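Novice: sequence isn't available, so here's the structure alone:
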């Protein structure tokens, strides 16, 4: 019973980044098929497995689409069995979750939709597809993947289909497509950073009986305690960034600004111990964290960043690695302003 309680508590925020974790599985699954194809076919390009094809390579294209499709199906079946099977089903319905988790889940949808589609677009380019066709393939699979999650939510009694989630999914896909159609490159990229949070162990007393807990205990139930859990699930330690490449917006070709230098605007939150408020129940006891000690606040950041895709390399494998690294914000000095007041705060290094 206790384990199921913890699962229910943590589900709300976990499934947002389960999308990204599942997509990582999907990508690995696809690469497995691609690598198998590479091993079996001896007529690949001289530059090797990681070099994008100059023209459409049907074997790569079939493997990419087939592997992605199989990965998608396996992910949906797995999510349905692992998450939704334990909760009562209902007819399709909507759910209004605007403002929940200070909308960290919404920017998570924006980030996930964009990067899922971007990875698939690069996969299409690797297979030799024309850039515009590769982009539309990425957008199409990204929309399918994200919408499927919402449809599963729509048939769950405890949750529902979120129009807000779909709006932010669409925003991420639109950001990718608009840049490709306007500039044939990604000048604005969406990135993630995360750091471990130290939670208070000061006792929090139940409001309806005798009993205590702590913010640390609540966070452990919600977000886990291991580093990888923090990175994937802890809204209080995550920051989502829109990273702008400075050089690409300048007209002067002789600019001395490095091609890889970006400026990034970030969004985060702090003291989130519940979805809409810092109240929760443990067994029959109800707890409420003091809004003075644990003020729920939105955080806004300004920082420098690196666009790894603009770093020159002759090695196709290294270029691919840099593309993957570009989903993460580079640690750098940052300036924070938050909605709880207190002015600005400077971080020598922020991640």
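Specialist: Looks like it arrived, so ask away. Every value quoted in this text rests on a predicted model; they were computed, and no experiment measured them.

Novice: tell me the contacts of residue 300?
Specialist: Residue 300 is in contact with 265, 266, 267, 336, 337, 338, counting by CB atoms under 8 Å, 6 or more residues apart in numbering. Yep, even glycine has a C-beta here, placed from its N, CA and C like the rest.

Novice: regarding the residue nearest to the spatial centre of the chain, what is its secondary structure?
Specialist: Nearest to the mean C-alpha position of the chain, by CA atoms, centre = their mean, lies residue 112 at 4.0 Å. Secondary structure, DSSP: H, G, I helix; E, B strand; the rest coil: residue 112 is helix.

Novice: in the chain, where is pLDDT below threshold?
Specialist: Within the chain, the ranges that satisfy pLDDT under 70 run 1-48, 82-86.

Novice: can you pull out the strands in it?
Specialist: Counting by DSSP state E, the segments of the chain that form strands are 188-194, 204-205, 212-213, 238-245, 261-270, 279-282, 285-288, 297-306, 332-338, 344-350.

Novice: strand partners of the third one, parallel vs antiparallel please.
Specialist: When pairing is defined by DSSP bridges, strand 212-213 lines up against strand 204-205 (antiparallel).

Novice: roughly how far is the strand it pairs with from the heart of the chain?
Specialist: 33 Å (CA atoms, centre = their mean, to the nearest Å).

Novice: run through who's touching that strand.
Specialist: Counting by CB under 8 Å, 6+ apart, 211, 212, 213, 214, 215, 218, 287, 288, 289, 290 sit against strand 204-205.

Novice: report the buried members of the residues you listed.
Specialist: 211, 213, 214, 215, 218, 287, 288, 289 (16 or more other CB atoms under 10 Å).

Novice: so what's the last one up against?
Specialist: To tie it back to what came earlier, the one meant is residue 289. For residue 289, the contact set (CB under 8 Å, 6+ apart) comprises 204, 215, 218, 271, 273, 278, 279.

Novice: and the nearest residue to residue 95 once chain neighbours are set aside, how many neighbours?
Specialist: Closest residue to residue 95 apart from its sequence neighbours, by CB to CB, 6 or more residues apart in numbering: residue 160 at 2.7 Å. Neighbours of residue 160 under the rule other CB atoms under 10 Å: 18.

Novice: so can I have JSON lines of the strands of the chain showing distance to residue 104?
Specialist: Putting those into JSON lines (distance: least, CB to CB, whole Å) gives the following:
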{"stretch": "strand 188-194", "distance to residue 104": "11"}
{"stretch": "strand 204-205", "distance to residue 104": "22"}
{"stretch": "strand 212-213", "distance to residue 104": "23"}
{"stretch": "strand 238-245", "distance to residue 104": "7"}
{"stretch": "strand 261-270", "distance to residue 104": "5"}
{"stretch": "strand 279-282", "distance to residue 104": "17"}
{"stretch": "strand 285-288", "distance to residue 104": "21"}
{"stretch": "strand 297-306", "distance to residue 104": "9"}
{"stretch": "strand 332-338", "distance to residue 104": "14"}
{"stretch": "strand 344-350", "distance to residue 104": "17"}
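
Novice: which among those strands is found nearest to residue 87?
Specialist: strand 279-282 (17.5 Å; CB to CB).
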